[in-house]
Every structure is written in structure tokens, then in C-alpha cells.
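[1] Quick one, fold the following:
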Amino acid sequence: MSKLITMKFGGTSVGSPEAITNVVSIVKGEVDAGNRVIVVVSAMSGVTDALLASVKMAIADNKWGYLDTARKLRDRHDDTLNILIPPGKNRETTQAEIAALLDEYTEICQAVNILGEATPRIWDAVVSFGERLSCRMVAAVLRHHGLDARAYNAGDFLLTNNQYQQAVPLWAETQARIDEKLRPLLTQGVTPVITGFLGATRDGNITTLGRGGSDYSGAIFAACTDSDELVIWTDVDGVMTADPRLDKRARVLPYVSYQEVGELAFYGAKVLHPKTVQPILDKGMPIRVRNTFNPQHPGTLIRENGERTQTVIKAVTSIKNVSLLTVSGKGMIGVPGIAGRTFLASAQAGASILMISQSSSEQSFCFLVTDNTARNVREAIEAELAEELARRDIDRVDVEENVVIITAVGAGMRGTPGVAGRVFSVMGERGINVIAIAQGSSECSISFVVPQDDLERAVIALHDLALDGAA
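    Sure, this is the predicted structure:
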């Protein structure tokens, strides 16, 4: 029976002629087997960073910098097409489309150069060119191999609000657009190749879903088309028990639940964007994480109920480049609203709170934000709580840098007594100081903060528990 499969290919998966050859083999294999495929692509690896840097060049009046970026991008995409497609109309048309896109990119940079500044809308417009270029290139290569592949900007289907750089989908309107415009293409046998990461406002202005949002795009298209499966193609064999750069014993997990992978993604695992699971929770749709460069490997299957393992802790992950903020003072005891005002001030300073911990005495609470927002958050909190600080109800707002969040994840932790005790006993045995602790009500994970210097030792110690069945 024919299946509809949504496939998202990351930057490394479309980052070279060799990688794109693998993409063609994967997609063509499914189409030849009688399945329908929606292809969602990221920019070629490194392109998004180059585009972001070029906006800064334009602001700084470095005209030659962004013009050189345009030249390098044209050469890279043209060279890839020259290698993968023989001379002819398909290649020439695609190269003309790439040239036109890069001319448009250059014009935007020129405008930024004249104005000396860039709005969030301009940032989104510039960074969108990475996906728009790769989308057309991949579609052209698929056409050369006999598929009726057509390139589409995600904004043709995916409508969002106008919160540039972190746009939120307008679900009902997106569903209607997909039903009207995308489903008929699939019925006609078209293989759509769609830009990941991007959407558009009702007015047609390009928006982005946040850095790394191509996974999220893939999930949105999979959910709204009722795909039978979403496959995230990346450069690793699947979701792993730990970061292999920290512990070489890391292995691929064959099965993970939605809840487990959500915790892993949020707390630092790089395989999936944290929002990926959100659109398909109600669909019960399976997600697979697979390796474009090792397509024979089955990867990791993610579904509503993951399979229990012999170990309660299934995987260990970490977040670096975070700061711990502590609000403390004896005058806080029994005073309502301090925490709420603190977190509202943090949000208004543009920070996402990664973890929260509070003492039972209410004399202090702490939370973590990324390093690049910590200073602004502290200033915002001090302004919001200025009266309490003046009265000494609050003693101080402290910022501690050079810390990391370590998280142990496993659905089997729920209802299993002694897991937290074993985790922290191991930290004590290794001489690792635990600064703060948090456990969600789901009991699917335990997170704690340690000094950055102890990161590797802490991960290896917890990974021991995940591997040997001691927890």
C-alpha cells in the first residue's frame, strides 16, 4: 500500500555533491517503491552562518564582504549543479534562478548598507536565501533523475504571525493552504521540495521559525498532510545515549518516546529541534531519525510509547553556555508575586528560562538562561524589583557563569524509587558539586547544574548508569 512520507534533510545532508547524491538515492528509492514523498530541505551547511555574517558586514559598511559572500554562494551552488547535472535546460534554468536570488540578496544588503541597520524582518529576508537556494538545487537534481520534483517556498503553504525570527504558525490557515495547494500536487505525482525553516505572513513577508527550525517545518508539513511517517535525515545514525564527543561509548537508541525525545532535544541533544514533536503529538505519527550518509542503518524510531530498556536512565544530555541567576533575601518569605515578576522581567529581556529551582524556605530561587541574555536579564530583574532591593527584602540578584545543565532522561524513571538518589550518589562519589536540581512533574527527566569544568566527568558518570543497568 502506498505511503506518504515527509523527509527533512539537514544542512550536512545537502552540503556537498556527494551528500545530495545520497538524498537523490533515498528519495528516488521511495518514489520507485510507489510511495509519495514531501522533501523539506535546510540550507547547505555553513550557508546560514555566512548569510548572518553578511548582514553584520552590510551594517558595518563592509560592502566587499557581502559581495564576496554572494560570489562564494553562487560558485558553491553552481559548482554543485555542474557536477550533478549535465549541460542543458534544467541546469541553465536552475542556475539562472540562483543568480536572480543572489541578485535580490545583494540588493537587500545594499539597502542595509545605506541605512546602517537591519530590522528583524530584514534579518529573516536575508537568512531565507540559504533554503531558497538549496531547495531549487535539490529539486533540479531530482528532476535530472526522472522525478517530477518542483521547488516551493514554504511561505506558499505555511502562514505565520509577524514575530520575525521566532514566528508562530497560524495553524488553521496553514492547514487550509496545504489542503488547497499541496495535497493536489501529491495527487498529481509531484515530489514537492520545500524550504525548511521558513514561513510567511498573510502579507507575504518571509518569516523564520527560529534557528534549527527546519525539523519543526518538517513536522508541520507531515502533520498537516497526515503523512504516514516523518523522517529526519541528518549526519548521525540516530538519537544517542550521550554526546559521543564526551563519551565514545555512546550508542544509538533504537526506540524513544515522544516525551523522552522532547526532553533530550530541549536539554541539548542536537539531533532534533525541541519543537519537532509538537505538531504530531495528536497524530500518533512515527518519527525516524536516520543518517543520510549511512542509509542502511535503521536509525531511531520515535513514537508515542517508547520501549522500556533494561536501564531506567535511557540517555544523558547537557547544555553549555548557560548562566545561573539567583534571587535571594529573607524578606521574600511569604511575599506573593516575586517569582512571577522575575520571570516576566526575564521574558521581556528576551530570555527563555531553561530550568528553575527553589528552596522550600522561599528565601531564594534560581533559574538558568543562556549566557548571551544573562546580563540583560539581571538588569531587567533589578529594575523590576528595585523597591524590594532598596528595602532589603531582596538582598541581591547574583549571576554565576561557567556552569552547565546535565539531564538524565528515561520514561522508566517514573515510579521507580531511588533513581534520583543513585544519580546524586554517583555525583558525590566522583567529587562533583551539584549546584541546583530540578525534576519535572512528568518524572521523565532529572536536571541539575554543575560547574563547567565537571561536564565531561558528570556525563560519563551518568552514562555509566545508562549503560550498566545500575539505575
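[2] Quick one: low-confidence residue ranges for this structure.
    267-270, 306-311, 334, 359-362, 412, 414-416, 440-443, 468-471 (pLDDT under 70).
[3] Swap in 50 and give it another go.
    470-471 (pLDDT under 50).
[4] Identify the residue nearest the geometric centre of it.
    For the chain, the residue nearest the mean C-alpha position is His273 (2.8 Å; C-alpha atoms, centre = their mean).
[5] give me the element Val399 is part of.
    Element membership for Val399, per DSSP states H and E: strand 396-409.
[6] and that strand, what does it pack onto?
    helix 258-266, strand 315-328, helix 371-384, strand 445-451, helix 455-468 (3 or more C-beta pairs under 8 Å, 6 or more residues apart in numbering; DSSP states H and E). Bear in mind the C-beta positions are built from the backbone N, C-alpha and C, glycine included.
[7] Dump those into TSV; add distance to Ile437 and mean neighbour count as well.
    Shown next, in TSV, are these (distance: least, C-beta to C-beta, whole Å; neighbours: other C-beta atoms under 10 Å):
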stretch	distance to Ile437	mean neighbour count
helix 258-266	15	23
strand 315-328	12	22
helix 371-384	20	17
strand 445-451	5	22
helix 455-468	13	20
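[8] closest to Lys72 out of the ones you listed?
    Closest of those to Lys72 is helix 371-384, at 27.3 Å (criterion: C-beta to C-beta).
[9] Just the CA trace of that closest one, in CSV.
    Extracted in CSV, the C-alpha atoms of helix 371-384 (Å, rounded to 0.1, in the frame of the first residue of the first chain):
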residue,chain,number,x,y,z
ASP,A,371,25.0,33.3,28.6
ASN,A,372,24.2,35.9,25.9
THR,A,373,21.0,37.0,27.7
ALA,A,374,22.2,36.8,31.3
ARG,A,375,23.3,40.4,31.7
ASN,A,376,20.1,41.9,30.2
VAL,A,377,18.1,39.6,32.4
ARG,A,378,19.9,40.7,35.6
GLU,A,379,19.4,44.3,34.7
ALA,A,380,15.7,43.8,33.9
ILE,A,381,15.1,41.9,37.2
GLU,A,382,16.9,44.6,39.3
ALA,A,383,14.7,47.3,37.6
GLU,A,384,11.5,45.3,38.2
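[10] what angle separates it from strand 396-409?
    Put simply, helix 371-384 runs at 140 degrees to strand 396-409, going by axes from the mean of the first three to the mean of the last three C-alpha atoms, to 10 degrees.
[11] what's the spacing between helix 371-384 and its chain's center?
    Averaging C-alpha positions (C-alpha atoms, centre = their mean, to the nearest Å) puts helix 371-384 25 Å from its chain's average.
[12] Pull the contacting residues for Glu229.
    3, 5-6, 222, 285-288 (C-beta atoms under 8 Å, 6 or more residues apart in numbering).
[13] again, only using 6 Å
    For Glu229, the contacting residues are 5, 286, by C-beta atoms under 6 Å, 6 or more residues apart in numbering.
[14] May I have the beta-bridge partners of it?
    Taking DSSP bridges, one finds Ile5 as the beta-bridge partners of Glu229.
[15] still on that earlier bit, flag every buried residue along the strand holding Val399.
    For strand 396-409, a neighbour-count test (16 or more other C-beta atoms under 10 Å) marks 397, 400, 403-409 as buried.
[16] So Met7 versus Ala140, what's the distance?
    17 Å (C-beta to C-beta, to the nearest Å).
[17] next one: Asp79
    Taking C-beta to C-beta, one finds Asp79 at 14 Å from Ala140.
[18] Could I get the full set of helices for the stretch 201-350 of the chain?
    Here the stretch 201-350 of the chain has its helices, by DSSP state H, counting those that start in this stretch, at 214-224, 258-266, 338-348.
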